[in-house]
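**Student:** A structural model of the following input is requested.
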Amino acid sequence: MKLTILAVGNRQPDWVRAGCEEYLRRMPREIAVRVVEIKPEPGGGKRRAQIQAAEKIRIRQALGATRQHLIALDEKGRDLTTRQFADALREWMRTGDDTAILIGGADGLDDELKTEAAELLRLSSLTLPHGLARLLLCEQLYRAASLLKNHPYHRA
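**Tutor:** Residues are numbered from 1 along each chain as shown. Here you go, the predicted structure:
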């Protein structure tokens, strides 16, 4: 299974980049994860809908034409425990479909993308900066993979 994190936002701090690289380096070989940064649309007096629409186009271009299981991170998404997230990862792997997890920009994801997503998930009830959300997602993916492999990283 190939898993792609499509994250609107570039030029993340070094600690975000280094943290994500570390967790993704530890992932088992059967779960290839990569982060693709999507250039955010400059505000410049544009309305939220205009910004989201421009970013939606960039996300679609990055997704390409291949069939993927889409998951969108959203504050109104389903809240999972770590165990439930591991079970979701197991299911994504079982289907064999490539999976893309979308992290929107500062103005969030376009509603059309959220509607097209098979699942809406949230990482926290707290508002997180995008870099931290990206790092948290990478860590949770590694934690979920560790749980599935019975690796002692996660202690319940």
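
**Student:** packing partners for the lengthiest helix in the chain?
**Tutor:** Longest helix in the chain by number of residues, with DSSP state H as the criterion: helix 130-148. Applying 3 or more C-beta pairs under 8 Å, 6 or more residues apart in numbering; DSSP states H and E, one finds that helix 130-148 contacts strand 2-8, helix 14-25, strand 32-38, helix 82-95, strand 98-103. For the C-beta atoms, the positions are set from N, CA and C on the backbone; glycine is no exception.

**Student:** which ones are touching the residue sitting furthest away from the middle of the chain?
**Tutor:** What lies farthest from the middle of the chain is residue 45; by C-alpha atoms, centre = their mean that is 27.8 Å. Contacts here follow C-beta atoms under 8 Å, 6 or more residues apart in numbering; on that basis residue 45 touches nothing.

**Student:** Find me the pLDDT at it, would you?
**Tutor:** For residue 45, the model assigns a pLDDT of 89.

**Student:** do residue 73 as well
**Tutor:** Taking residue 73 on its own, its pLDDT is 96.

**Student:** Same question for residue 2.
**Tutor:** Residue 2 is assigned 89 on the pLDDT scale.
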